[in-house]
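Q: need coordinates for the following:
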Amino acid sequence: MSDPLGLIGGAGGINPLHGARPATPGGGQPVDPSAPSFKDLLLENLNQVNKLQQDATAAIEDLQTGRRDDVEGVLMATQKADTAFRMLLQVRNRVVEAYDELKQIRV
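A: Residues are numbered from 1 along each chain as shown. Below is the predicted model:
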C-alpha cells in the first residue's frame, strides 16, 4: 500500500521542530505553510454563516416591527442564510463520515 500523503517512511515523517512535514498532493510541490489551515477556514465559514443567520433574524424582526417593508429583501436574506447553513451542515456531515472511516482503519 502506498502513502498518498507522503507521511509514512522516508518520504514524510515527523520533523521535530514543526511536527508532520507538509504533504505533497499528487507528488507535486509541498503545501504552502502560510496557507490557512482547515480549522481556520472552517471557523471563518462558521462565523460567516452565523452573521448571515443574525442578518436574516434582524431583517425578519425589522419587517415585523414595521422598520422595513421590503419583503423580497427579507426573503433573500433568509434564503441566503438557509443555503449557507445547509452547505455548512453538508461539510460537517462529510467530516463526520471521514472520521468514521478513519476509525475503521486497522493499524
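Q: what ranges do the strands span in this protein?
A: Secondary structure of the chain by DSSP state E: the strands cover 14-15, 19-20.
Q: worst mean pLDDT among those?
A: For these, mean pLDDT drops lowest on strand 14-15, to a mean of 44.
Q: ok, the residue nearest to the spatial centre of the chain to Glu61 distance?
A: Among the residues of the chain, the one closest to the centroid is Leu42, at 3.3 Å (CA atoms, centre = their mean). Counting by CB to CB, to the nearest Å, the gap from Leu42 to Glu61 is 29 Å. Yep, even glycine has a C-beta here, placed from its N, CA and C like the rest.
Q: grab the longest helix from the protein for me.
A: helix 71-104 (DSSP state H).
Q: off-centre distance for that helix?
A: 9 Å (CA atoms, centre = their mean, to the nearest Å).
Q: which residues of the protein score low on pLDDT?
A: Scanning the chain with the threshold set as pLDDT under 70 gives 1-29.
Q: walk me through the domains of it.
A: By the assignment in automatic domain parsing, the chain contains the domains 1-34, 36-104.
Q: most packed of those?
A: Of the domains of the chain, the one with the most neighbours on average (mean count of other CB atoms under 10 Å) is domain 36-104, at a mean of 12.
Q: straight-line length of that one, end to end?
A: Separation of the first and last residues of domain 36-104 by CA to CA, to the nearest Å is 29 Å.
Q: now Lys80, nearest residue through space, not along the chain?
A: Nearest non-adjacent residue to Lys80, counting by CB to CB, 6 or more residues apart in numbering: Leu52, 5.7 Å away.
Q: pretty sure the one you found contacts Ala84?
A: Yes. Contact criterion CB atoms under 8 Å: Leu52 and Ala84 qualify, at 5.0 Å.
Q: for Asp32, give me phi and psi.
A: phi -60, psi 120 (degrees, to the nearest 10).
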